[in-house]
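# A structural model of the following input is requested.
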Amino acid sequence: MKVVALVGESGTGKSYRAITLAHEKGLDYIIDDGLLIQQNKVIAGKSAKREATAVGAVKRALFHEEDHRAVVRDAIKARPGKGILILGTSVKMVEKIAKRLEIAPIHEFVYIEDIATEEERRAARRQRKELGKHVIPVPTFEIKQDFSGYFLDPLKILRRRKDNTIDVSEKSVVRPTFSYMGKYTISDKVISDLVSHAASKILGVSKVSKVDVITGANGIVINMDAVMVYGNPLRVLARQIQAQIKKEVEYMTALNILAVNITIKTLIVI
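Numbers count the residues shown, from 1 in each chain. So this is what the prediction gives:
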């Protein structure tokens, strides 16, 4: 299996260019910040961008914990491919990752300066330093569950193939916990108010009388009691409310909504 390394300072756009480089080199896998990625899908691993501190993020990216690297090693052995692209901030870092995952030696080194201009690297640094933005080379839906509560933005990249057709790949922009000064939390009261506001936009809803929020590791479950206006198709109305709440609350909070359970308590006649 061919192993290629992409080396560059933190925040210079390595993850942004990883998919394109892997495609050009004919590589099946990407190893980036603790994740094993294949064809825009996370196969194994844990993202360093979920760590609470910068030190924890570095350890995660280096596969410091045996159970973490064992899972990724096993996934690579179970899915043999043509090659792997390893991302790192230094030659020493990528060599350590390759050794720990038992895929050494590295056959080729590519440096970010070879594939990105100074202006592009400077723009990437600005995004990282001023806005705390990090790129993960997988579509947002792939990591949404694992990054519930984090700020996530999808990023679509268009690339023209040699046969003149257009290839569309999607990456995700995430703002990790360790990029903030202090702790970022959203209270249940805020979520409750957002639920009530979203539901009120649906014609046929009189009011939301109660909202309970159950928080889990992968997202939240919303339980709500509603008062409806008599004469409306309740099943259709309930589905509209679920869709509206999911859309608005996820957009406003970046939380992953696992379920919206609606109990119709009362019907009123207007």
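# helix or strand for residue 102, which one?
Assigned by DSSP states H and E, residue 102 falls within no helix or strand.
# residues touching it, list them.
Each residue near residue 102 by CB atoms under 8 Å, 6 or more residues apart in numbering is listed here: residue 73. Where C-beta positions appear, they are placed from N, C-alpha and C, glycine not excepted.
# look up how far residue 220 lies from it.
In this view, residue 102 and residue 220 are 39 Å apart by CB to CB, to the nearest Å.
# pull up the distance across stretch 197-215, start to finish.
By CA to CA, to the nearest Å, the extent of stretch 197-215 from end to end equals 20 Å.
# got the buried residues for that stretch?
198, 199, 202, 204, 205, 208, 211, 213 (16 or more other CB atoms under 10 Å).
# narrow the residues you listed to those in strands?
205, 208, 211, 213 (DSSP state E).
# from those, which single one is nearest residue 239?
Set against residue 239, the nearest of those by CB to CB is residue 205 (12.6 Å).
# name the helices or strands packed onto the strand or helix carrying residue 215?
Assigned by DSSP H and E, residue 215 falls within strand 205-216. Using 3 or more CB pairs under 8 Å, 6 or more residues apart in numbering; DSSP states H and E as the contact test, the elements touching strand 205-216 are helix 188-200, strand 219-229, strand 257-268.
# redo that, cut-off 6 Å
helix 188-200, strand 219-229 (3 or more CB pairs under 6 Å, 6 or more residues apart in numbering; DSSP states H and E).
# quick one, it and strand 219-229 angle?
Angle of strand 205-216 versus strand 219-229, following axes from the mean of the first three to the mean of the last three CA atoms, to 10 degrees, is 160 degrees.
# give the partner strands of strand 205-216 in its sheet and their orientations.
Strand pairing for strand 205-216, using DSSP bridges, gives strand 219-229 (antiparallel).
# got the buried residues for the very next helix or strand once past the partner strand?
Toward the C-terminal end, the helix or strand that comes next after strand 219-229 (DSSP H and E) is helix 234-253. Within helix 234-253, the residues that count as buried by 16+ other CB under 10 Å are 237, 238, 240, 241, 242, 244, 245, 246, 248, 249, 250, 253.
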